Structure formats: structure tokens, C-alpha cells
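Chemist: pasted the sequence and its predicted model underneath.
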Amino acid sequence: MGILYSYSWSLGTIFLVIVAPLWIIGFRFEKNYHTTARKSQDQSGDLATAVEQSVHGIRVLKAFGRGKFITEKFVNDATELRKTELLKARMVATLWWSLSVIPEIALGVSLFVGVILVENNQLTIGGLAAFILTTRVLHWPMDSIGFLLSMTIDARTAVERFFEVIDTPSGIDDPDEATEIQEVRGRLVFEDVHFRYQDAPEGEPDLLRGINLELMPGESVALIGVTGCGKTTLTALATRLYEVTGGSIKLDGVDIRELTAVELRSHLAMAFEDATLFSASIRDNVLLGNPDASEEELQQALAIAQAQFAYDLPEGLETKIGEEGLSLSGGQRQRLALARAVAAKPAVLVLDDPLSALDVDTEAMVEDALRTVLKATTALIVAHRPSTVQLADKVALMQDGRITAFGKHSELLATNDHYRFVISSLDAAGALIEVK
């Protein structure tokens with residue numbers, strides 16, 4: 001603008017006054033477009049998630065005849081996304097129109113006034129020509145502001161969504177000065193452990209209310225109780241998938257919060273009831289926790305988990321099993337997840353009902369093989385079947401977020417009414433499964 005004023009302050013002022021509204025238009029565009037771009041990206045993410053869930057759950061949708069429903073939902077979501085994208089397009093088009101037309105109006109008015117000034121000898125023809133040529137040079141930068149601004153805002157909103165996830169506190173932080181366990185023996189102790197989920201109502205009692213439990217090195221303990229008593233939550237606390245809200249959990253006398261997550265999870269391995277596999281080979285999935293394991297250790301882990309079916313797949317252990325292992329049956333996925341936990345060779349093995357999807361005969365073979373592993377490994381086992389209880393040296397009975405009884409299976413069976421009730425429930429469930 002200084003150059004335009006050097007040619008003619010009057011023409012420069014006219015040009016500036018006419019193009020000044022572009023600043024207001026630009027600020028309003030930035031504010032409104034940012035909101036719309038964020039809405040568009042959120043809708044796009046929701047639509048992609050819906051498609052992914054529909055593909056993964058296609059058997060359920062077909063089984064319940066909900067194909068039409070999910071299709072209509074997709075169409076509605078896609079229509080809403082289309083409306084948002086069209087709104088974005090209108091906003092960008094309006095900005096471009098303003099950036100193209102307003103400078104042209106300013107140029108036309110400046111040219112008209114400039115001719116009058118030349119006629120009155122208040123401006124030379126060369127000065128007017130220089131002024132006009134300078135405004136033309138500024139035309140392209142002003143035109144490009146439109147798409148550059150829209151692209152910048154789109155990128156900014158995408159980065160904001162990314163960092164919203166990255167910057168979310170996990171609640172599981174490594175200590176500033178971490179402790180190392182030089183020689184892991186596997187003594188796991190729960191001391192007055194309390195836990196409640198972050199979204200639990202304030203007036204609601206803790207899910208876990210003063211858990212005290214000690215597992216000696218090489219000892220296996222089965223954890224049983226009715227549904228909802230906190231068994232799975234307790235096992236998740238041992239590996240710091242959640243943080244205790246009171247009390248402490250110690251591994252060989254060291255509070256697990258004083259260990260880094262990497263070190264802690266190198267000493268503990270967990271097999272979940274819901275087996276999660278990755279879109280990789282059988283070998284990569286089983287050796288996820290111990291990639292340096294030998295071929296013999298891999299074969300041993302597969303044998304213990306009764307997962308020899310892997311050798312019969314088209315490419316053997318190198319067979320890609322697809323996303324989440326959906327090309328395998330539930331029992332096959334669960335056996336591979338158990339083999340993964342065994343192959344990690346942990347000091348402490350946490351098993352959250354890892355045999356629930358197995359038939360009775362396969363379960364018996366897995367349990368026989370597991371007994372060899374459990375002789376040298378500390379194990380905490382969530383049990384939903386009497387046969388799984390018999391794998392353990394001792395049993396901990398959970399009731400209403402507390403451990404109300406602890407001892408050998410035979411002792412608790414003879415002395416504890418609630419234990420007999422829970423065991424009878426497991427027996428009934430096991431009989432039902434066997435009949436099926």
C-alpha cells in the first residue's frame with residue numbers, strides 16, 4: 001500500500017477504503033470456516049467408523065436382519081456430511097467472489113478518479129499507469145488468499161483433532177526416577193487396593209474396596225466370584241492398564257508405579273478373554289511379547305495352547321490372519337492369544353478366563369499343558385469353570401469388591417457357603433456348555 005500512496009495519496013486512499021471490507025470478510029470466514037471444517041472432519045470420522053463397524057459386524061447385522069437399518073443410517077450420515085461439505089464449498093466460493101470482485105471494483109473506481117486527476121493535471125499519465133500496474137501485481141496474491149486460507153484452516157483442524165488424542169492424559173505415567181528389578185522372582189502382592197472408574201458417580205462406592213492378596217513366586221491363584229464383582233478389573237490393575245485409586249500393588253517388594261510401564265510389562269504377561277490379534281502372520285502374533293524367542297520356544301508355546309492348527313494353515317506360521325484375526329474361529333483366536341502370553345516367558349502370568357471359547361476336550365488338553373508352565377510361573381487366573389479352578393494352587397473368592405475367602409479349593413468348599421454357591425454356578429454353566 002505504501003507504493004500506491006507514493007504514486008497518489010488520493011488514489012491509494014480510495015483503493016484502501018474499498019478493499020478494507022476484505023479484512024472483515026476474512027476474519028469472519030476464518031471463524032465460521034474453522035467451525036464448519038471441524039464439524040466436517042468429525043462427521044467424516046464418524047462415517048468411516050460406522051463403515052468399519054458394519055464390515056466387522058456384518059455377520060451380526062445379517063443374523064438379525066438389520067442390513068436395511070444400517071444402510072439407512074449410512075445414507076443419513078453421508079447426507080449430513082454432504083450438507084456440511086456443500087456449506088464449506090459455499091463459504092469458500094463467497095470468499096473467492098469477494099477477493100475477486102472487490103479489488104476489481106476498487107481498480108475501476110481508482111481508474112475513473114485517476115483519469116479525472118490526469119485531466120486536471122494533478123497526476124501524470126505515467127503515475128496513473130504505474131498505479132494501475134501495481135494493483136494488477138497485487139491481484140494474484142489477493143486471489144490466492146482464498147484457497148490458501150481454506151487449506152490452512154482444514155489442516156489446522158485436522159492437527160487439532162490429532163493432538164486432542166495425543167495430548168489426552170493417559171493417567172499411567174512413568175516415574176521420574178524409575179526403579180529396576182535386577183532379578184525377578186515373581187512375588188505379587190495387593191495391599192489394601194481400592195479402585196473406581198473415572199466416570200463413576202460420586203456417591204457410588206469403589207468397585208474394589210480394600211483388596212489384600214499375596215501370590216508367592218511360582219504360586220498360582222484362581223480368582224472366582226459372581227459376575228460384576230471386579231475380577232477382570234483386578235487383573236487389569238496388575239499390568240497397570242488402570243491405576244489404583246488407593247493402596248498399592250507390589251512386584252518383588254517394589255510398587256509397580258515405581259517401574260516404567262515397559263519394564264513392568266516385560267515381567268508380566270496377560271491373556272484376555274476377548275482375544276485380540278493383529279493383521280500379521282501367526283508367528284508375528286505369537287511372538288509379539290518376545291520377538292527374540294527361538295523356534296523351539298515358539299513351537300512349545302503353540303503346543304501348550306493346543307494351537308497346532310496353525311501348521312495346517314495355507315502358509316503355516318507365516319499365514320496372514322487378517323484384521324483382528326476374523327478369519328479364525330473364536331477358539332483359535334483364544335488359543336493363539338494364550339500362546340502369545342506363554343511365549344513371552346513372564347515371571348507373572350495373568351489369565352483372564354482365556355479358555356472360555358474352547359470346547360471341553362480342548363480345554364482339558366490346554367489345562368494339562370498349562371500345569372507344566374504354572375509350576376515355574378506366578379499366575380493369577382480368572383476362572384469361570386471348575387476345571388480352571390483346579391489348575392491353581394489356591395483360590396481367592398471375590399464378593400462385592402473384596403476378597404472374602406482365600407485358601408485351597410477343598411478347604412473353601414468345606415467351610416464357605418458363598419464359595420459353594422459360586423462353584424455350583426460354575427458347575428451348572430460347565431454342564432450346560434458340555435451338553436451343547
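Modeler: Done, it's in. Numbering: from 1, shown residues only.
Chemist: double-check that residue 398 belongs to a strand.
Modeler: Yes - using DSSP: H, G, I helix; E, B strand; the rest coil, the assignment for residue 398 is a strand.
Chemist: how many neighbouring residues does residue 160 have?
Modeler: Per other Cβ atoms under 10 Å, the neighbour tally for residue 160 reads 13. From N, CA and C alone the C-beta is placed, and that goes for glycine too.
Chemist: state the distance from it to residue 181.
Modeler: 41 Å (Cβ to Cβ, to the nearest Å).
Chemist: how about residue 122?
Modeler: 89 Å.
Chemist: the two - which one has more neighbours?
Modeler: Under the neighbour definition other Cβ under 10 Å, residue 122 and residue 181 were set side by side, and residue 181 has more, 17 against 12.
Chemist: tell me who's in contact with that one.
Modeler: Taking Cβ atoms under 8 Å, 6 or more residues apart in numbering, we find residue 181 in contact with 251, 252, 254, 259, 263, 267.
Chemist: report pLDDT for residue 193.
Modeler: pLDDT recorded at residue 193 is 94.
Chemist: kindly report the same for residue 143.
Modeler: For residue 143, pLDDT reads 67.
Chemist: repeat for the one 3 residues further on
Modeler: In this prediction, residue 146 carries a pLDDT score of 68.
Chemist: again, but for the one 10 residues further on
Modeler: Looking at residue 156, its pLDDT stands at 86.
Chemist: contact partners for it?
Modeler: Applying Cβ under 8 Å, 6+ apart to residue 156 gives the contacts residue 34.
Chemist: and it, that's in a helix?
Modeler: Yes - under three-state DSSP, residue 156 sits within a helix.
Chemist: any idea how far it is from residue 43?
Modeler: 17 Å.
Chemist: what does residue 98 give?
Modeler: For residue 98, the distance to residue 43 - Cβ to Cβ - is 27 Å.
Chemist: before we move on, what about residue 153?
Modeler: 16 Å.
Chemist: tell me which of these two has more neighbours.
Modeler: Legend: neighbour count by other Cβ under 10 Å for residue 153 and residue 43, higher for residue 153 (22 against 18).
Chemist: now for that one: which residues touch it?
Modeler: Shown in contact with residue 153 (Cβ under 8 Å, 6+ apart): 30, 33, 34, 37.
Chemist: so what's the residue count around the first one?
Modeler: Residues lying near residue 30 (other Cβ under 10 Å) number 15.
Chemist: report the buried residues of the helix or strand harbouring it.
Modeler: Assessed by DSSP states H and E, residue 30 sits inside helix 21-56. Neighbour-count burial for helix 21-56, counted by 16 or more other Cβ atoms under 10 Å, picks out 22, 26, 29, 33, 36-41, 43, 47, 54.
Chemist: just checking, what packs against it?
Modeler: Where contact means 3 or more Cβ pairs under 8 Å, 6 or more residues apart in numbering; DSSP states H and E, helix 21-56 is packed against helix 67-119, helix 125-166.
Chemist: out of these, which gets the lowest mean score?
Modeler: Among the helices and strands packed on helix 21-56, helix 125-166 scores lowest, at a mean of 80.
Chemist: next SSE after that one?
Modeler: strand 188-195.
Chemist: re earlier: by pLDDT, rank the contacts of residue 153 and give me the bottom one.
Modeler: residue 30 (84).
Chemist: need the contact list for that residue.
Modeler: Contacts for residue 30 (Cβ under 8 Å, 6+ apart) come out as 149, 153.
Chemist: relative to residue 277, how far out is residue 309?
Modeler: As judged by Cβ to Cβ, residue 309 and residue 277 stand 14 Å apart.
Chemist: comparing these two, which residue is more hemmed in?
Modeler: Counted by other Cβ under 10 Å, residue 309 and residue 277 do not tie: residue 277 has more neighbours, with 24 against 15.
Chemist: surely that one is in contact with residue 320?
Modeler: No - in this structure, residue 277 is not within contact of residue 320 by Cβ atoms under 8 Å, at 10.7 Å.
Chemist: mutual contacts of these two, please.
Modeler: Counting by Cβ under 8 Å, 6+ apart, nothing touches both residue 277 and residue 320.
Chemist: for residue 91, which non-adjacent residue is spatially closest?
Modeler: Nearest non-adjacent residue to residue 91, counting by Cβ to Cβ, 6 or more residues apart in numbering: residue 33, 5.3 Å away.
Chemist: how close does that neighbour get to residue 102?
Modeler: Between residue 33 and residue 102 the computed distance is 18 Å (Cβ to Cβ).
Chemist: then residue 326?
Modeler: 57 Å.
Chemist: center of the chain - which residue?
Modeler: Closest to where the C-alpha atoms of the chain average out (Cα atoms, centre = their mean) is residue 165, at 9.1 Å.
Chemist: pLDDT score assigned to residue 180?
Modeler: So, for residue 180, pLDDT stands at 88.
Chemist: now do the contacts for it.
Modeler: Neighbouring residues of residue 180 by Cβ under 8 Å, 6+ apart: 259, 263.
Chemist: likewise for residue 398?
Modeler: Residues counted as contacts of residue 398 (Cβ under 8 Å, 6+ apart) are 223, 224, 225, 229, 230, 231, 234, 404.
Chemist: quick one: which of those residues sit in helices?
Modeler: 231, 234 (DSSP state H).
Chemist: just the buried ones from the contacts of residue 398?
Modeler: Listed as buried from those are 223, 224, 225, 229, 230, 231, 234; burial here means 16+ other Cβ under 10 Å.
Chemist: from the residues you listed, pick the one nearest residue 212.
Modeler: Comparing the buried ones among the contacts of residue 398 against residue 212 with Cβ to Cβ places residue 234 closest, at 11.6 Å.
Chemist: isn't the closest one up against residue 223?
Modeler: Yes - Residue 234 is within contact range of residue 223, at 6.8 Å (criterion: Cβ under 8 Å).
Chemist: can I get stretch 232-248 in PDB? Just the C-alpha atoms.
Modeler: Provided in PDB are the C-alpha atoms of stretch 232-248 (Å, rounded to 0.1, in the frame of the first residue of the first chain):
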ATOM      1  CA  THR A 232     -11.300 -58.600  35.400                       C
ATOM      2  CA  THR A 233     -10.600 -55.100  36.800                       C
ATOM      3  CA  LEU A 234      -8.300 -56.500  39.400                       C
ATOM      4  CA  THR A 235      -6.200 -58.300  36.800                       C
ATOM      5  CA  ALA A 236      -6.000 -55.100  34.700                       C
ATOM      6  CA  LEU A 237      -4.600 -53.300  37.700                       C
ATOM      7  CA  ALA A 238      -1.700 -55.800  37.900                       C
ATOM      8  CA  THR A 239      -0.400 -54.700  34.500                       C
ATOM      9  CA  ARG A 240      -1.300 -51.000  35.000                       C
ATOM     10  CA  LEU A 241      -3.900 -50.900  32.300                       C
ATOM     11  CA  TYR A 242      -5.600 -48.900  35.000                       C
ATOM     12  CA  GLU A 243      -4.100 -47.100  38.000                       C
ATOM     13  CA  VAL A 244      -5.100 -48.000  41.500                       C
ATOM     14  CA  THR A 245      -7.000 -45.200  43.300                       C
ATOM     15  CA  GLY A 246      -5.900 -46.400  46.700                       C
ATOM     16  CA  GLY A 247      -3.400 -48.800  48.200                       C
ATOM     17  CA  SER A 248      -0.600 -50.400  46.200                       C
END
